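Colleague: here is my input, please return the structure:
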Amino acid sequence: MTSALKIPQVLKGVRLLSLALNLPGPAALMRCQQMGARCVKLEPPSGDPMQRYSPAAYVQLQSGIKVITVDLKTAAGQKRLHRELAKTDVLITSFRPSAIEKLGLGWKNLHRLYPALSQVAIVGSPGARAEEPGHDLTYVADSGLVQGLELPATLYADMGGSLTASEAVLQAVLAQRSSGKGLRLEIALASAAQYIALPRHWGLTQPSGFVGGAHAGYRVYACKDGRVAVAALEPHFAAALCAAAGLVASDVASMRTQATRVGIEHFLKKQTRQQLDALAISKDIPLHTMA
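Modeller: Have a look, this model is predicted:
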């Protein structure tokens, strides 16, 4: 994994309070903390379920975050909550709307008490479907990204939703600075999954699509001691790959033929990962070898 660039501290001085558990909310809070926000998270006495799912993930997600244990169902917990809300710029939640109302945090009441406060409400599905139960897998399946019986390689809806939520925090802060008033932004994980699925719906990642396997220069191949992900999509990259394989590919159409794919496949099978890494550098070919 490549190292991340230094993140501009555009949220320095902004105070965030999160009641969100599991992954999307904490991941959004982590991103905002990395952008300089002062972040506080309230957890119930039972803790965040992520501590049980993956202690390592929990530790990373909470890095730099002030975590306070509070029982929001008690008078003392409500008092602590409102003490934090009074000094908060943006509140992040991930409850169903009915649970929000039970906690006295419905937007009408929240906005009346704290006019300058914004809320980023993470829900499963948008609008009237926000009460429906679901998880990353169901949202990703609904978006058409679950193929066969294999689980997706990562949590697309949760992580996509966390980025959308951190974007919403930025939107809220910009709006507050221009109007002085808070606003409520709803982030649906199902909508995040649908956004991530757009390339598939466009046909790009379908088997007949250029980045779905139809282009011989954009595929995963076997090599002598592992695998290689080849991304020689542009004509000059494709030409360099074909030249290395002893093939002639003059146009895009030739990169869609079985003969070109088989020729590249046979060439790569004879190469070690070390040889391919050297080839990538010497011939300027975008590829990545894997064990």
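
Colleague: list the buried residues for the helix or strand that residue 190 is a member of?
Modeller: Here residue 190, judged by DSSP states H and E, is contained in helix 189-196. By 16 or more other CB atoms under 10 Å, the buried positions in helix 189-196 come out as 189, 190, 191, 192, 193, 194, 196. Heads up, the C-betas are built off the backbone N, CA and C, glycines and all.

Colleague: where along the stretch 101-250 of the chain do the strands fall?
Modeller: Applying DSSP state E, counting those that start in this stretch to the stretch 101-250 of the chain gives strands spanning 118-123, 184-188, 218-223, 226-231.

Colleague: dump those to JSON lines, plus distance to residue 18, mean neighbour count and mean pLDDT.
Modeller: Output for the strands of the stretch 101-250 of the chain, formatted as JSON lines (distance: least, CB to CB, whole Å; neighbours: other CB atoms under 10 Å; pLDDT from 0 to 100):
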{"stretch": "strand 118-123", "distance to residue 18": "9", "mean neighbour count": "25", "mean pLDDT": "98"}
{"stretch": "strand 184-188", "distance to residue 18": "13", "mean neighbour count": "20", "mean pLDDT": "97"}
{"stretch": "strand 218-223", "distance to residue 18": "38", "mean neighbour count": "17", "mean pLDDT": "98"}
{"stretch": "strand 226-231", "distance to residue 18": "36", "mean neighbour count": "18", "mean pLDDT": "98"}
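
Colleague: looking at the ones you listed, spot the one closest to residue 283.
Modeller: With CB to CB as the criterion, residue 283 lies closest to strand 226-231 of these, at 12.1 Å.

Colleague: residue 15 contacts residue 38, doesn't it?
Modeller: Yes: with contact defined as CB atoms under 8 Å, residue 15 counts as touching residue 38 (5.0 Å).

Colleague: looking at those two, which one has more neighbours?
Modeller: Comparing residue 15 with residue 38 by other CB atoms under 10 Å, the one with more neighbours is residue 38, at 19 against 16.

Colleague: contact partners for the more buried one?
Modeller: Contacts for residue 38 (CB atoms under 8 Å, 6 or more residues apart in numbering) come out as 13, 14, 15, 16.

Colleague: ok, now with 7 Å
Modeller: 15, 16 (CB atoms under 7 Å, 6 or more residues apart in numbering).

Colleague: now residue 19: how far from residue 28?
Modeller: Separation of residue 19 from residue 28 (CB to CB, to the nearest Å): 12 Å.

Colleague: please apply the same query to residue 240.
Modeller: 41 Å.

Colleague: more crowded one of the two?
Modeller: Neighbour tally, residue 240 and residue 28, criterion other CB under 10 Å: the higher count belongs to residue 28, 29 against 21.

Colleague: could you confirm the more buried one falls within a helix?
Modeller: Yes: the assignment for residue 28, made by DSSP: H, G, I helix; E, B strand; the rest coil, places it in a helix.

Colleague: residues in contact with it?
Modeller: 92, 162, 165, 166.

Colleague: got the buried residues of helix 189-196 as JSON lines, with distance to residue 106 and pLDDT columns?
Modeller: Output for these, formatted as JSON lines (distance: CB to CB, whole Å; pLDDT from 0 to 100):
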{"residue": "189", "distance to residue 106": "21", "pLDDT": "98"}
{"residue": "190", "distance to residue 106": "22", "pLDDT": "97"}
{"residue": "191", "distance to residue 106": "22", "pLDDT": "97"}
{"residue": "192", "distance to residue 106": "24", "pLDDT": "98"}
{"residue": "193", "distance to residue 106": "27", "pLDDT": "98"}
{"residue": "194", "distance to residue 106": "27", "pLDDT": "98"}
{"residue": "196", "distance to residue 106": "30", "pLDDT": "97"}
